[in-house]
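S.K.: model this:
(5 chains)
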Amino acid sequence: MDLATLLGIIGAIGIVAMAMILGGDPVIFVNIPSLLIVIGGSLFVVLSKYSLGQFLGAVKVAAKAFAFKLESTEEIIGVLVDVAQVARKGGLLALEDKEVDNKYLKNGMQLLVDGQDREVVRTMLSKDRAMTLERHKWGAKVFTSIGDVGPAMGMIGTLIGLVQMLSNMDDPKSIGPAMAVALLTTLYGAMLATMIAIPIADKLTLRMTEEAQIQSIIIDALLAIQSGQNPRVIEDMLRTYLPAGVRDDATFEQPAQE
Amino acid sequence: MDLATLLGIIGAIGIVAMAMILGGDPVIFVNIPSLLIVIGGSLFVVLSKYSLGQFLGAVKVAAKAFAFKLESTEEIIGVLVDVAQVARKGGLLALEDKEVDNKYLKNGMQLLVDGQDREVVRTMLSKDRAMTLERHKWGAKVFTSIGDVGPAMGMIGTLIGLVQMLSNMDDPKSIGPAMAVALLTTLYGAMLATMIAIPIADKLTLRMTEEAQIQSIIIDALLAIQSGQNPRVIEDMLRTYLPAGVRDDATFEQPAQE
Amino acid sequence: MDLATLLGIIGAIGIVAMAMILGGDPVIFVNIPSLLIVIGGSLFVVLSKYSLGQFLGAVKVAAKAFAFKLESTEEIIGVLVDVAQVARKGGLLALEDKEVDNKYLKNGMQLLVDGQDREVVRTMLSKDRAMTLERHKWGAKVFTSIGDVGPAMGMIGTLIGLVQMLSNMDDPKSIGPAMAVALLTTLYGAMLATMIAIPIADKLTLRMTEEAQIQSIIIDALLAIQSGQNPRVIEDMLRTYLPAGVRDDATFEQPAQE
Amino acid sequence: MDLATLLGIIGAIGIVAMAMILGGDPVIFVNIPSLLIVIGGSLFVVLSKYSLGQFLGAVKVAAKAFAFKLESTEEIIGVLVDVAQVARKGGLLALEDKEVDNKYLKNGMQLLVDGQDREVVRTMLSKDRAMTLERHKWGAKVFTSIGDVGPAMGMIGTLIGLVQMLSNMDDPKSIGPAMAVALLTTLYGAMLATMIAIPIADKLTLRMTEEAQIQSIIIDALLAIQSGQNPRVIEDMLRTYLPAGVRDDATFEQPAQE
Amino acid sequence: MDLATLLGIIGAIGIVAMAMILGGDPVIFVNIPSLLIVIGGSLFVVLSKYSLGQFLGAVKVAAKAFAFKLESTEEIIGVLVDVAQVARKGGLLALEDKEVDNKYLKNGMQLLVDGQDREVVRTMLSKDRAMTLERHKWGAKVFTSIGDVGPAMGMIGTLIGLVQMLSNMDDPKSIGPAMAVALLTTLYGAMLATMIAIPIADKLTLRMTEEAQIQSIIIDALLAIQSGQNPRVIEDMLRTYLPAGVRDDATFEQPAQE
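M.R.: Predicted coordinates for the structure are as follows:
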């Protein structure tokens, strides 16, 4: 579970909800037709910009991104050194029984077990990495589109409400509440974009970069394992992916390694 | 028929129309001079940015994009493997009688039947692909321009209405309705841009990418067919264009193929 | 005369004028000080961003672009094939008496008549082409600046009007008309940008691309003529500049040509 | 202490505070729920776009950037010439006891003392430089996000206030103050973005460039020191990093140096 | 004195001032606290984005740009041909006594007099050219920042005024004038950005390009003079920097020159 994003979105919505409740009756902020215009309208417009498959794929990518936490670079390096040691002791075939959580790594290990050629391993892993990147990119694009369209639909809803209110001003008492309702779609659109859609799009873009880097590390490590390199050499090589501070913490055992 | 786009645009307009009807008399949202300013004005302004040919070409490109569904990558690969098998059995001349829907592929097959040189085939197909891209790019540009100009014309119309209303405020009762009419052009401009022009522009851009990829696949396949390669080898090569998940589903028969 | 741009600008202004007239007395839309602020102010501000030469040059470039229609690619190819035949029959010196409308081509033919070296011809024509591009680019930049500054000056004018109105609200009857006048500058600024300056800037950019392509064709053709190539070979070469559809229409005579 | 930024931010806030105090009771500008929506809401939304580590890292980077002043190019060149002279006299091992403030330089000198290979020195210093750049880039990104989200949350808060006010207009006297409170969130959002978040983001970007240049100078100097070059030659080389004016001031002693 | 910019800025301010005077008492447009918020606040915020040195440097660069007119390309070519003839007759040492206004050229000539190596001349002149570019770029950046921050500070000032006015609406008569004052900061911010800061930034960017081109011409010419080329050959070479029209005017004497 990606804690920061969940905490951030819930926290922001919580603060806004609190402001709505503190100011009196929060029911005035709920209006079903306004919700329909902003949420339904935005989804339909965004659907019209993509194919149904891309649209649903974006939701799936986002759901996965929140359901599964990405390993940290340190964790994946630890796992890879482990894998390297197993291969060192038992040969590449021993990888068949080694359990790992990361699916991409699992697929890569299977390629080694199958005795695939070095070039085939590199090509297939790179292609799958490109596909993951592509899927995340589309996911981010769809949510960016929601962030663009939401406020526009909110403004359209407010204009509709204003036109209706202005065309019918017999009862001065009803002007205030009618205008309040008209403003709700702008509020919904701004909340949808600022607090939900754009953060998800930004997060998917960020995660895309991180996942791509982890998959780069995996490719490097698997190719080194396949060519039979010493696990310690592999560890040294992977350590260069870590930031300087973290890398230094681990330097103490290095002299003994080489 | 491109379902997602049609469904999306109709759905969004439907929701907005529903909101107009639920709020009372929907006739208040129809104003012919306002429509003229926004739609007529936007079209004239966009026309002034391009030549008449480009302007009409954009409409034609958009119409075609909605009338004809693009084959999926899987479908076109199936067709190409089929074509490869025909060529394998009957020679390149047998392609003369093979029926295919895709016009671009049809043209390419004719080049093979004509016994054109490999370089000629590649050059002519690449040039036609560049032309298709160009036409779609212009189409997307024209609709993007409509999406830019629409809201600006809407604001111009609203300002005209406001100036007329403010210059003549003898009857306080007429202020509300006059302002409602003034706001209509802003509403029309926002709807034209958000719900129609920008989605079409985005869709054409997306389709441009997809069509270019399908034409790349066709070029690859035709050159392989011309050089007499085995249909199974061609199938394996084309399969790399598919996303990993779909590709895996088809892996079971692969070992037997080579 | 570039019909699309002229028609577009006149049509858009016509529609807006119609809306002004239909709504009552169109005189309320004319206010000399407001016009001065928006048009005079915008021109002064844009002048301050460039030198006087660039400013006047932009106007000249735009005027030329509207006064002279660009030849279509087909037309210029026809002319070039003609020139190639004259040179074939009478030698390069025969080009001295061949009349052509295109000034750039005229200059290039003179270089051939003068017996200039191939490299000199290419360099001088390329340099002149770069200069034409540069002049159009500056023209487009100046009009883009007008499109940026116009609405800003409009807002400044409206703020001035509002401050004057708000400081002096003794007569409630005058508030409406005063505010109408204040809004006029915003209206003028939006019209200047949306309906005149930005379309001209976009058109100059588009024309720049087209003129550069035609001059590329001319350079290619003149170099081929200078090296004594067959007019039919030159025609085939130039034909590749045409879009696929048009190119096909002309294919029937091709077999006989070579 | 980075004086310009501190002075700038305090000065701008001071001027705004003065305007608030001069205009009457400054307490009307304080509203805790509004502050919560803008500051709390913006922080939560920005948190949701990054991981907790990146978010806190950005604050740490900004704090460091303000707490420590960067050496000027002149200062660091002076220090490096000093270091070069120490190494010239006492050999690379003498660097062990040389005190320098710059941590990056300190690390680099330790590499020379350790007798690391030229390529290792270059690689490790370049990698650390890339990491510093990366950290600053993330810092700038987080503050840019705050600058984007702040005004959006301000608008959301204002819309909430307006809806509450419009739904409950029984007491005409309360309308003014209620609207004042509603506008406060927009004011807070604009101040947060314009006067704090965006300046910090811009400053971090600027500092990133400066720190990267200083580290480039250090890398050049250390590699020259390692290869045993004359301190005067090193000084001449480093002097080219200075702007022309400053460089000229120091030219008088140069003839004697070589 | 750069006439276009001065004329443009004064003209635009003059038109706006005229509109203020024609509309009644121009004193209503002067409000010291509002001026402080916009001008003082903007300068402080921009200061916080740069260092004090960069901030003052920008002002100096702008002042210089307005005080000194740049030579036209024609003028500098004339001067350079003159210099070439002096060097031709009296040798490079004769350049010591040749008076020229352009400082950059003066520096370059001194390098020739000093008998510096060709590579040294090229390197030092290129470095100084890069420095000039850098200084102008920073100048343009600072003024662009003022153009960004000015309107934002204007909006902050208006919000402060509105909150004060709305919190205290006992006297209906004071509402209009209070709102007028509140709007003044928005007006000041828009004028500062549109009519002063952005034009200066654009002008500095333009001048940067022009000065860089003139310095390129000077480098080319000095290197040719150093290598002892004929002044007429140098003139021909420099002439290619002129636009085609101007170049042609001077072609008549060319045949005789070579």
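
S.K.: Up against chain B, what does chain A have?
M.R.: A:33, A:36-37, A:40-41, A:44-52, A:55, A:127-128, A:131, A:135, A:145, A:149, A:152-153, A:155-157, A:159-169 (Cβ under 8 Å from any Cβ of the partner chain). To be clear about C-beta, it is placed using only N, CA and C from the backbone, and glycine gets the same treatment.

S.K.: which regions of the stretch 101-250 of chain A sit below the pLDDT cut-off?
M.R.: A:243-250 (pLDDT under 70).

S.K.: Mark which of the residues of chain A next to chain B are buried, thanks.
M.R.: The neighbour-count test (16 or more other Cβ atoms under 10 Å in any protein chain shown) marks A:33, A:36-37, A:40-41, A:44-51, A:55, A:128, A:135, A:145, A:149, A:152-153, A:155-157, A:159-169 as buried among the residues of chain A next to chain B.

S.K.: Next, the contact list for the residue of the stretch 1-150 of chain A found nearest chain C, please.
M.R.: In the stretch 1-150 of chain A, the residue that lies nearest chain C is A:Asp148 (21.2 Å; Cβ to the nearest Cβ). Neighbouring residues of A:Asp148 by Cβ atoms under 8 Å, 6 or more residues apart in numbering or on different chains: A:Ala193.

S.K.: In three-state terms, how would it be classified?
M.R.: Following DSSP: H, G, I helix; E, B strand; the rest coil, we place A:Asp148 in the helix state.

S.K.: OK, contacts around the residue nearest to A:Ile9 when sequence neighbours are not counted?
M.R.: Nearest non-adjacent residue to A:Ile9, counting by Cβ to Cβ, 6 or more residues apart in numbering or on different chains: D:Ser48, 4.9 Å away. For D:Ser48, the contacting residues are A:4-9, A:12, A:199, A:203, by Cβ under 8 Å, 6+ apart.

S.K.: now do 6 Å
M.R.: A:5, A:8-9, A:199 (Cβ atoms under 6 Å, 6 or more residues apart in numbering or on different chains).

S.K.: give me the residue from the stretch 101-250 of chain A nearest chain E.
M.R.: Counting by Cβ to the nearest Cβ, the stretch 101-250 of chain A gets nearest chain E through A:Gly176, at 16.1 Å.

S.K.: what sits against that residue?
M.R.: Counting by Cβ under 6 Å, 6+ apart, A:Gly176 makes contact with D:166, D:169.

S.K.: To which secondary structure element is it assigned?
M.R.: Assigned by DSSP states H and E, A:Gly176 belongs to helix A:175-191.

S.K.: Next secondary structure element downstream of that helix?
M.R.: helix A:198-226.

S.K.: quick one: buried residues of that following helix?
M.R.: Result for helix A:198-226 [16+ other Cβ under 10 Å]: buried residues A:198-208, A:211, A:214-215, A:217-226.

S.K.: helix/strand/coil for A:Gln229?
M.R.: Assignment for A:Gln229 (three-state DSSP): coil.

S.K.: count of residues packed around the closest residue to it other than its chain neighbours?
M.R.: Nearest in space to A:Gln229, with sequence neighbours left out and distances taken as Cβ to Cβ, 6+ apart, is A:Ala84 at 7.7 Å. Residues near A:Ala84, counting by other Cβ atoms under 10 Å in any protein chain shown, number 24.

S.K.: before we move on, which element is A:Ala84 in?
M.R.: helix A:73-90.

S.K.: Touching that helix from outside, list them.
M.R.: Outside helix A:73-90, the residues touching it (Cβ under 6 Å, 6+ apart) are A:94-95, A:98, A:214, A:221, A:225, A:231, A:234-235, A:238, A:241.

S.K.: again, but for stretch A:155-165
M.R.: A:34, A:37, A:178-179, A:181-182, A:185-186, B:19, B:23-24, B:180, B:183, B:187, B:190.

S.K.: Mind pulling up the pLDDT for A:Met18?
M.R.: Note for A:Met18: predicted pLDDT of 92.

S.K.: May I have the secondary structure class of it?
M.R.: Taking three-state DSSP, the label given to A:Met18 is helix.

S.K.: quick one: it and A:Leu192, what's the gap?
M.R.: 19 Å (Cβ to Cβ, to the nearest Å).

S.K.: Could you do A:Lys69 as well?
M.R.: A:Lys69 is 26 Å from A:Leu192, by Cβ to Cβ.

S.K.: Which one's more surrounded, the two?
M.R.: A:Leu192 (22 against 11).

S.K.: what's near enough to touch the more buried one?
M.R.: Counting by Cβ under 6 Å, 6+ apart, A:Leu192 has contacts A:Gly150.

S.K.: Swap in 8 Å and give it another go.
M.R.: A:38-39, A:42, A:146-147, A:150-151, A:154.

S.K.: Noted, bye for now.
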